[in-house]
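[1] quick one, structure for this:
(chains A, B, C and D)
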2 protein chains.
Amino acid sequence: MKEGPDIARIAALIGDPARANMLTALMSGKALTVSELAEEGGVTIQTASSHLSKLDEGGLLRPRKQGRHKYFSLAGDEVAQVLEGLMGLAAGAGHLRRRTGPKDIELRRARVCYNHLAGDMGTQLFDSLIARGFLTAEAEELLLTDAGADFVARFEIDLDDLRLKRTPLCRECLDWSERRSHLAGSLGRAFLARFEELSWATRDPKTRVVVFSRTGVKEFEQLFGGV
Amino acid sequence: MKEGPDIARIAALIGDPARANMLTALMSGKALTVSELAEEGGVTIQTASSHLSKLDEGGLLRPRKQGRHKYFSLAGDEVAQVLEGLMGLAAGAGHLRRRTGPKDIELRRARVCYNHLAGDMGTQLFDSLIARGFLTAEAEELLLTDAGADFVARFEIDLDDLRLKRTPLCRECLDWSERRSHLAGSLGRAFLARFEELSWATRDPKTRVVVFSRTGVKEFEQLFGGV
DNA sequence: TTCATGGTTCGAGCGTAATCGAACCATCTG
DNA sequence: CAGATGGTTCGATTACGCTCGAACCATGAA
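    As a prediction, the model looks like this:
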């Protein structure tokens, strides 16, 4: 009866509404201060502080002090992945918080998942890269092929820079709305950043929604559409 | 602040120690009765019954009545995957319930993950299938190649039978101990079943441990070893 | 230095939910 | 039918942990 890691501990951490809201807010990938997170959690700053230290102790967050501010972000991809998984279960159980409003549609189309693109367009990107042989699952991990590296370079993403980092270059992340994989890891992050750089897309500062401009959609479709 | 599915609801479900223990027990893939799960959860039958109806209502379980028994199993792969993810986080946070006893070592070597093989040998199997081109991530999903189908047939797994089911044939599942993918889905299940059929391995009825016989290990290594 | 702002710590209040005893219902056995 | 076993429902108890007010500490600005 007592085998394996202690699942309840951290599930309980996520299981509190205030903390869950904070974590969901952090899925935007941005680092947020204690007071911002208090706002997101719908709770006073004192309680937020308490919640955040618990989450931190549980290894779910990465805190950073900057001046008199304290910024929190998710501890890593694994955390984001579990959160997405939970969203999938929650959505599947039919217990959506709000019954598919317009916001929900936008979220399903394109949203930020920690630091990369998720939703319909996220999976579209992923599928396209796989179908054209730019990505393969040759070994246990997802790998960028030579052709893929070439493509990425032409898209003006600095690959060498990414490879220097300790985080894995490619990673799969399961999408709660699409129930399919999309690209995470530092390359996934880089793609989203490049989209923003090109002004194809901007992030809604208040939500996780990623808004693609008209030309952005056109360019995107041309490059990654019609798999 | 209120976007996306209600994560807290189901995280809270998993967050109770008794329920978490029950779910962990169900990761063995077997369907268990209320009284067995009460035992696993370390709680009386009445409370277990209450817990189980909550989990059921949350969509995490699949109940089946058989005579005067009521059997519960996990609702599906997605649930198992989230549980594995949570185990990963818990293990990463260093909060193992018991500090790596001998049981823990066995679990890391080979264990049942819902219905398929996980642990070191699970990832070894997966890697081998990928490396030899039997599995590819050609589309959004993991696919069995023609050569793979051939191999599977020679291993005397009835592929047509599997394809009839509604569940996906291949699926990736992230391993908490190895932090790498292994094969889930109906094919993953079939492999484990075949290993048992060949008497290469047996499941420890009390835990999730999969015990490979001496010859079982030898045959396994010969077929899937040394990637 | 004083004042303002951002966070933390302490303590008390309060609710929710886990728990179990007891009674009840359902199914199988003899 | 009676008796045994497996589960559920109900109610009362209890405890854990969320919550916020208030006081405190740290940093930056005037």
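[2] can you list the strands that the helix or strand bottoming out on mean pLDDT in chain A pairs with?
    In chain A, the helix or strand scored least confidently by mean pLDDT, DSSP states H and E is strand A:171-174, which has a mean of 72. Note on strand A:171-174: by DSSP bridges, its sheet partners are strand A:181-184 (antiparallel).
[3] and the next helix or strand after the partner strand, what does it pack onto?
    Moving toward the C-terminus from strand A:181-184, the next helix or strand (DSSP states H and E) is helix A:185-197. The contact analysis (3 or more C-beta pairs under 8 Å, 6 or more residues apart in numbering or on different chains; DSSP states H and E) places helix A:185-197 against strand A:116-118, helix A:159-164, strand A:171-174, strand A:201-203. To be clear about C-beta, it is placed using only N, CA and C from the backbone, and glycine gets the same treatment.
[4] in the second one, what's buried?
    Of all the residues in helix A:159-164, those buried under the rule 16 or more other C-beta atoms under 10 Å in any protein chain shown are A:159, A:162.
[5] so how far is it off the chain centroid?
    Relative to its chain's centre, helix A:159-164 lies at 20 Å (C-alpha atoms, centre = their mean, to the nearest Å).
[6] go on, the last one?
    Taking the mean of its C-alpha atoms, strand A:201-203 sits 14 Å from the chain's own mean (C-alpha atoms, centre = their mean).
[7] what strands line up against it, and which way round?
    In the sheet, strand A:201-203 lines up with strand A:210-212 (antiparallel) (DSSP bridges).
[8] quick one: distance of the partner strand to the chain centre.
    14 Å.
[9] of all the residues in that strand, which ones are buried?
    A:210, A:212.
[10] so after the lengthiest helix in chain A, what's the next helix or strand?
    Ranked by residue count, the top helix of chain A under DSSP state H comes out as helix A:77-92. Downstream of helix A:77-92, the next assigned helix or strand under DSSP H and E is helix A:102-109.
[11] where in chain A is pLDDT low?
    Applying pLDDT under 70 to chain A flags residues A:1-4, A:93-103, A:137-141, A:166, A:174-180, A:226-227.
[12] for the residue nearest to the spatial centre of it, give me its contacts.
    When C-alpha atoms, centre = their mean is applied to chain A, the residue found nearest the centroid is residue A:113 (1.7 Å). Residues in contact with residue A:113 (C-beta atoms under 8 Å, 6 or more residues apart in numbering or on different chains) are A:27, A:29, A:80, A:84, A:122, A:173, A:175, A:182, A:184, A:208.
[13] enumerate the residues of chain A near DNA strand D.
    Counting by C-beta under 7 Å from any atom of the strand, chain A comes close to DNA strand D at A:12, A:16-18, A:43-44, A:46-47, A:50-51, A:54, A:67-68.
[14] for the residues you listed, work out which two are farthest apart.
    Greatest spacing in those, by C-beta to C-beta: A:12 and A:67 (32.7 Å).
[15] of these two, who's got more company?
    More crowded of residue A:12 and residue A:67, by other C-beta atoms under 10 Å in any protein chain shown: residue A:12, with 19 against 5.
[16] my read: that one touches residue B:18, true?
    No - with contact defined as C-beta atoms under 8 Å, residue A:12 and residue B:18 do not form a contacting pair (11.9 Å).
[17] out of the residues of chain A next to DNA strand D, which are buried?
    Buried, going by 16+ other C-beta under 10 Å: A:12, A:16-18, A:43, A:51, out of the residues of chain A next to DNA strand D.
[18] so residue A:65 sits in a strand?
    Yes - counting by DSSP: H, G, I helix; E, B strand; the rest coil, residue A:65 is found in a strand.
[19] coming back round to it: and the contacts of residue A:113, which is closest to DNA strand D?
    residue A:27 (19.2 Å; C-beta to the nearest atom of the strand).
[20] what kind of secondary structure is the nearest residue to residue A:224 once chain neighbours are set aside in?
    Leaving aside its sequence neighbours, residue A:224 sits nearest to residue A:128 (C-beta to C-beta, 6 or more residues apart in numbering or on different chains; 4.0 Å). Three-state call for residue A:128 (three-state DSSP): helix.
[21] count the neighbours of residue A:128 for me.
    Neighbours around residue A:128, by other C-beta under 10 Å: 17.
[22] hang on, the earlier thing: tell me which of the buried ones among the residues of chain A next to DNA strand D fall in helices.
    A:12, A:17-18, A:51.
[23] output those as CSV; include the columns distance to residue A:192.
    As requested, these are exported to CSV (distance: C-beta to C-beta, whole Å):
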residue, distance to residue A:192
A:12, 32
A:17, 29
A:18, 28
A:51, 28
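[24] elements contacting the helix or strand residue A:47 falls within?
    Assigned by DSSP H and E, residue A:47 belongs to helix A:45-57. Applying 3+ C-beta pairs under 8 Å, 6+ apart, one finds that helix A:45-57 makes contact with helix A:17-26, helix A:34-41, strand A:61-66, strand A:69-74.
[25] just these: most buried one?
    Mean neighbour count (mean count of other C-beta atoms under 10 Å in any protein chain shown) peaks for helix A:17-26 among the helices and strands packed on helix A:45-57, with a mean of 24.
[26] tell me which parts of chain A are close to DNA strand C?
    A:33-35, A:45-46, A:49-50, A:52-53, A:68-70.
[27] can you name the two of those that are farthest apart?
    Across the residues of chain A next to DNA strand C (C-beta to C-beta), the longest gap, 19.0 Å, separates A:50 and A:68.
[28] one step back: chain center to the longest helix of chain A: distance?
    Distance, centroid of helix A:77-92 to centroid of chain: 10 Å (C-alpha atoms, centre = their mean).
[29] is the closest residue to residue A:208 other than its chain neighbours bridged to anything, and to what?
    Ranked by C-beta to C-beta, 6+ apart and with sequence neighbours excluded, the top spatial neighbour of residue A:208 is residue A:111, at 4.4 Å. Here residue A:111 sits in beta bridges with residue A:118, residue A:209, going by DSSP bridges.
[30] got the domain boundaries for chain A?
    A:7-75, A:98-224 (automatic domain parsing).
[31] these: which one's closest to residue A:92?
    It's domain A:98-224; of the domains of chain A, that one is closest to residue A:92 (C-beta to C-beta) at 8.4 Å.
[32] if we can go back for a sec, name the residues that touch the helix holding residue A:47?
    A:13, A:16, A:18-19, A:22-23, A:34-35, A:37-38, A:41, A:43, A:61, A:63, A:72.
[33] out of the residues of chain A next to DNA strand D, which is nearest to chain B?
    The shortest approach to chain B among the residues of chain A next to DNA strand D belongs to residue A:12, at 3.2 Å (C-beta to the nearest C-beta).
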